[in-house]
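Curious how this folds, go ahead:
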Amino acid sequence: MRSATLYRVLAALLVLITVALLGTHLGTVGTVSLPRPATWVAGAVAGFGIGVVAAVMGSPAASC
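Predicted coordinates for the structure are as follows:
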């Protein structure tokens, strides 16, 4: 992945995080009642996504 593309992806992720934080700060967000197995699956998917983003963010530093 070219560094310019990588920086655009990271910028888009940061904008999404900003929107999510503003949404929870300015509005009311309800809770989601999921069965326990669905909560486990959602946690695993979220953890995998966080790991992918952390790996992508670590790659520009490794290439310097």
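
What separation is there between the most centrally placed residue in the chain and Thr28?
Central residue of the chain (Cα atoms, centre = their mean): Ile50, 5.6 Å from the mean position. Relative to Thr28, Ile50 is positioned 25 Å away (Cβ to Cβ, to the nearest Å). For glycine as for every other residue, the C-beta is placed from the backbone atoms N, C-alpha and C.

Give the other helices and strands that the helix or strand hosting Ala38 contacts.
Element membership of Ala38, judged by DSSP states H and E, is helix 36-63. Judged by 3 or more Cβ pairs under 8 Å, 6 or more residues apart in numbering; DSSP states H and E, helix 36-63 is in contact with helix 3-26.

Please pull out the lowest mean pLDDT helix or strand from this protein.
Ranked by mean pLDDT, DSSP states H and E, the weakest helix or strand in the chain is helix 36-63, scoring a mean of 82.

count of residues packed around Val56?
14 (other Cβ atoms under 10 Å).

Quick check: it vs Ala20, distance?
18 Å.

before we move on, what about Met57?
In terms of Cβ to Cβ, Met57 sits 17 Å off from Ala20.
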